[in-house]
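**Student:** Dropping the sequence and predicted coords here.
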Amino acid sequence: MRHVRCRRVAAGRSLVSGRAVLARGRARLTVSPHADVCLIVEGAYPYVVGGVANWLQDLIGGLPDCRFAIVAIKPDATPMPWRLEPPANVVSVTEVSLAPGLDVVPRRRRPADVAAIAGMLLAFLGEEGEPPLAALFAALTASREPWTPAELLTHPVLFQAIVAYAERAMPSASFHHVFWATRTLLGGLLAALLTPLPIAARYHTISTGFAGLIAARAVIEHRAPAMITEHGIYLLERQIEIMMADWIGSHAGQGLTLDADVPGLRELWRRAFRNYARLCYDHCDPIIALYAANNAVQARLGAAPERLRVIPNGIYLDRFVNIPVAQNPEKPLVALIGRVVPIKDIKTFIRAAAIAHRACPTAEFAVLGPLDEDGDYYDECRALVTAMGMDKVIRFTGRVRVDEWLPRIDIVVLTSLSEAQPLVILEAGAFGIPVVAPDVGSCREMLEGAQGDDAYGGIITPLVDPEATGKAIISLLADPARRVVLGKSLHDRVKRDYDQTSVIARYRQLYLPDQLFSQQV
């Protein structure tokens, strides 16, 4: 099977499963679905390795009799290499650029029609009420020649609507900033609404945001059910990014900044993503999180409680069977497994390692993970290691095969600022290694059980606390018997609650309920 990268191009053509299909602004196919499930993912599969991308690869591969279509969202039209090769049961991959090209010659349109659509578009950004998704999509696709993003984004009537919106909503802000923020958001919104979608029996988005908006559109356009699995809470992640950003949505060097001189601009972005999340939750059932605490967050953000459920990530325990232990009792190894990036807070691990090394000088420490994602941060970490006199104690390995290192590791440590359900804890548990982790995401639930009454599989520490992390490491280094007990407890919990075969079976029941029922009968 040749996986064709389906792209929306100037003439409205889209390649689907090796065939050229005249899209004319949206998919208008009347044939039966060519996929059982259309997965909608933003900024991950098949462009990166790890995290959500690997989860999707395992999910697709674990259901070989289920036909998948992929809608892969990326920032712009710049070609992005695929880091993962889709399995044979992926029938198409459609790439969606959030920055649609503006080189298409616009058709003549009635100013009144443009004004009506402009009003609905701006309602997504400027109002707290229910965004008019169904009405907007109907207006965009009602004519014989459905709209293109370029026709709207370059139309003088839309420009005047943005001027009026800026004067009304943010009169003291620079119009330059407001215009490019609005233009960037509307470009992504139009791309999500006008890109031709694969025909599928059901749609599964892996986040809210633009992916969630596409899922909501699919329910309206194809009258097919949609569901969502959130690994983290996308809306909260975007709000944090917006709050911390020095710039956002910089478009071709226009210099869109977010600072004290741009009042209301951050709220413009936050409100847009709140509206997208609300639409996604309203149109998806079930609404899945990896652990119960995130279900509670989804409910707080507007998800219907009766639609919520938990399906954790899983791990194939068979990978770790019959691998001999290679630990060195004379030189116990403490390892952080993760990318060297700020979100993983490697500096806290380095400081904790220095504290532990003073008490246990025979211990060795390693950071196992890619070094090239943030070169400046890696340089800062190396400088900190040197400043603390730990050059001969802490090793940075770069990317490794985790299963080749796990037999040597005595303690796994996480110091991340944010996590959902860390795979590294499952990997450590599969091999019976105790874990020290901060109280973020589902770390506590994974180490202490969902109700907190199971046998512990490690130690939870406060966030960004080198001293507490160092003390936890020291306590485990000093007590090998305790390490064995904690490691076994974690292994038993992973086997019971996080077996990948059981997780795949739950998704099979959601994707192919009739087939599953017939198999059971």
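**Tutor:** Right, received. Where do you want to start?

**Student:** quick one, strands of the stretch 401-521 of the chain?
**Tutor:** Secondary structure of the stretch 401-521 of the chain (DSSP state E, counting those that start in this stretch): strands at 411-413, 435-438, 458-461.

**Student:** should've said the stretch 51-200 of the chain
**Tutor:** So, for the stretch 51-200 of the chain - with DSSP E, counting those that start in this stretch - the strands run 68-74, 90-97, 200-205.

**Student:** Just list the residues touching Ala430, thanks.
**Tutor:** Contacts here follow C-beta atoms under 8 Å, 6 or more residues apart in numbering; on that basis Ala430 touches 315, 317, 319-320, 491, 494. Every C-beta, even on glycine, is put in place using the N, C-alpha and C of the backbone.

**Student:** Over to Leu121?
**Tutor:** Counting by C-beta under 8 Å, 6+ apart, Leu121 makes contact with 136, 152, 158, 186, 189-190.

**Student:** got the contacts of Ala430 as a markdown table, with neighbour count, distance to Ala211 and pLDDT columns?
**Tutor:** A markdown table is the format used below for those (neighbours: other C-beta atoms under 10 Å; distance: C-beta to C-beta, whole Å; pLDDT from 0 to 100):
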| residue | neighbour count | distance to Ala211 | pLDDT |
| --- | --- | --- | --- |
| Ile315 | 22 | 25 | 93 |
| Leu317 | 18 | 31 | 89 |
| Arg319 | 14 | 30 | 84 |
| Phe320 | 18 | 33 | 85 |
| His491 | 20 | 35 | 95 |
| Val494 | 24 | 29 | 95 |
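
**Student:** And the furthest pair within those residues?
**Tutor:** The span of these, defined through C-beta to C-beta, is set by Arg319 and His491 at 13.3 Å.

**Student:** before we move on, the earlier item: what's the closest of the contacts of Leu121 to Leu236?
**Tutor:** Among those, Leu189 lies closest to Leu236 (C-beta to C-beta), at 20.5 Å.

**Student:** picking up where we left off before, now distance to Ala218 and pLDDT too, for the contacts of Leu121, in TSV please.
**Tutor:** TSV is the format used below for these (distance: C-beta to C-beta, whole Å; pLDDT from 0 to 100):
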residue	distance to Ala218	pLDDT
Leu136	15	92
Leu152	21	90
Leu158	25	93
Leu186	20	92
Leu189	15	93
Leu190	16	93
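
**Student:** farthest-separated two in the residues you listed?
**Tutor:** Spatially, the most separated pair among the contacts of Leu121 is Leu136 and Leu158, at 13.4 Å (C-beta to C-beta).

**Student:** Adding mean pLDDT, write the strands of the stretch 51-200 of the chain out as TSV.
**Tutor:** Output for those, formatted as TSV (pLDDT from 0 to 100):
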stretch	mean pLDDT
strand 68-74	96
strand 90-97	94
strand 200-205	97
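
**Student:** Just put these in CSV and tack on distance to His357 and mean neighbour count.
**Tutor:** Compiled in CSV, the strands of the stretch 51-200 of the chain are given as follows (distance: least, C-beta to C-beta, whole Å; neighbours: other C-beta atoms under 10 Å):
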stretch, distance to His357, mean neighbour count
strand 68-74, 43, 24
strand 90-97, 48, 23
strand 200-205, 45, 25
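
**Student:** Using CSV, lay out those together with distance to Arg399.
**Tutor:** Converted to CSV, those look like this (distance: least, C-beta to C-beta, whole Å):
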stretch, distance to Arg399
strand 68-74, 23
strand 90-97, 25
strand 200-205, 29
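
**Student:** Tell me what Ala437 is bridged to.
**Tutor:** Applying DSSP bridges to Ala437 gives these bridge partners: Ile460.

**Student:** pretty sure it contacts Gly458?
**Tutor:** Yes. In this structure Ala437 lies within contact range of Gly458 using C-beta atoms under 8 Å: 6.4 Å.

**Student:** Identify the contacts common to those two.
**Tutor:** The contact sets of Ala437 and Gly458 overlap at 425, 447 (C-beta under 8 Å, 6+ apart).

**Student:** Looking at the contacts of Ala430, which are in helices?
**Tutor:** Of those, the ones assigned to helices by DSSP state H are 491, 494.

**Student:** Name the nearest of the contacts of Ala430 relative to Ile433.
**Tutor:** Top of the list for closeness to Ile433, among the contacts of Ala430 and by C-beta to C-beta, is His491 at 8.6 Å.

**Student:** Okay, now the unreliable bits of the stretch 51-200 of the chain?
**Tutor:** Within the stretch 51-200 of the chain, the stretches with pLDDT under 70 are 102-106, 126-129.

**Student:** Which of the contacts of Leu121 fall in helices?
**Tutor:** If you go by DSSP H, the contacts of Leu121 have 136, 152, 158, 186, 189-190 in helices.
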